[in-house]
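Asker: This is the structure alone, sequence omitted:
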């Protein structure tokens, strides 16, 4: 066998009995995949599987009006989504994941088709425990009616809206997971899952950092109260950590038009 340096291709290139280790897929996922977060007020976002959310894609963001979106820039940094109005039961959230690489086209197609971001919401502290393998019906069939609710990027590049429940405030949780699966190549899926992570952050008072920030101002996962003059603003961040489990983002107060969400896609 012609042994060579390991690459992200599902093969044991370096003849050590392992696939895509080190982890070689992390840089490809960070640099060639785009994660887009969509939000909509008044149920105005697209329903069902949709290829677009407002102007995303092909544009990388749309920050005005009742339907907004923002996309990672293939650099591992955060992008920010400014919310509008009170965030409640007529609001929608969704993710899409798209991967393209002319030099590694098969690997990019495989990642988009076998890895997904799962997003959950729970009112009244009914979310799954930290590190749970499930969030309501997820992973599996997404649910917008049950408590807790969940959705995913769906392994196909489309958006799937999740309707939030009730007033989103200090007793609400978001859940986040990065899951890769392939029944025919389980080792490849496990390596891709371990090689990347999604970070989801929240900040009150429009105090989230701008696009391109390497962190949300502190280590993720974590939380803090940012002191600005005499006022302190809660902030929190969670990370998928490469383990395929759900990790909680506990919101610290009522979520409204003074709040930001941030998202980053990073190789590990």
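Answerer: Nice, I can see it. The structure presented is a predicted model; accordingly, all values stated were derived computationally and were not measured.

Asker: which residues of this structure score low on pLDDT?
Answerer: Along the chain, the parts satisfying pLDDT under 70 run over 1.

Asker: Which parts of it are helices?
Answerer: Under the criterion DSSP state H, the chain carries helices at the ranges 25-32, 105-114, 186-195.

Asker: start to end distance for stretch 159-170?
Answerer: Using Cα to Cα, to the nearest Å, the end-to-end distance of stretch 159-170 comes to 27 Å.

Asker: Please identify the buried residues of that stretch?
Answerer: Within stretch 159-170, the residues that qualify as buried are 159-165, 168-169, counting by 16 or more other Cβ atoms under 10 Å. Glycine gets a C-beta too; all of them are placed from N, C-alpha and C.

Asker: What of stretch 87-94?
Answerer: By neighbour count with 16+ other Cβ under 10 Å, stretch 87-94 contains the buried residues 87-88, 91-94.

Asker: Output these in CSV, with distance to residue 104 appended to each entry.
Answerer: Listed next are those as CSV, based on distance: Cβ to Cβ, whole Å:
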residue, distance to residue 104
87, 39
88, 43
91, 37
92, 33
93, 30
94, 27
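
Asker: Show me the two of the residues you listed that sit farthest apart.
Answerer: Distance extremes for those: the farthest pair is 88 and 94 at 16.7 Å, using Cβ to Cβ.

Asker: related to what we said a few turns ago, now, among the buried residues of stretch 159-170, which is nearest to residue 69?
Answerer: residue 159 (8.7 Å).

Asker: returning to what we had before: which member of the buried residues of stretch 87-94 is positioned nearest residue 238?
Answerer: Closest to residue 238, out of all of the buried residues of stretch 87-94 and judged by Cβ to Cβ, is residue 93, at 14.5 Å.

Asker: mind listing what the closest residue to the closest one other than its chain neighbours touches?
Answerer: Residue nearest to residue 93 in three dimensions, not counting chain neighbours: residue 162, with 5.3 Å by Cβ to Cβ, 6 or more residues apart in numbering. Residues near residue 162 by Cβ atoms under 8 Å, 6 or more residues apart in numbering: 92-94, 119, 121, 142, 144, 149-151.
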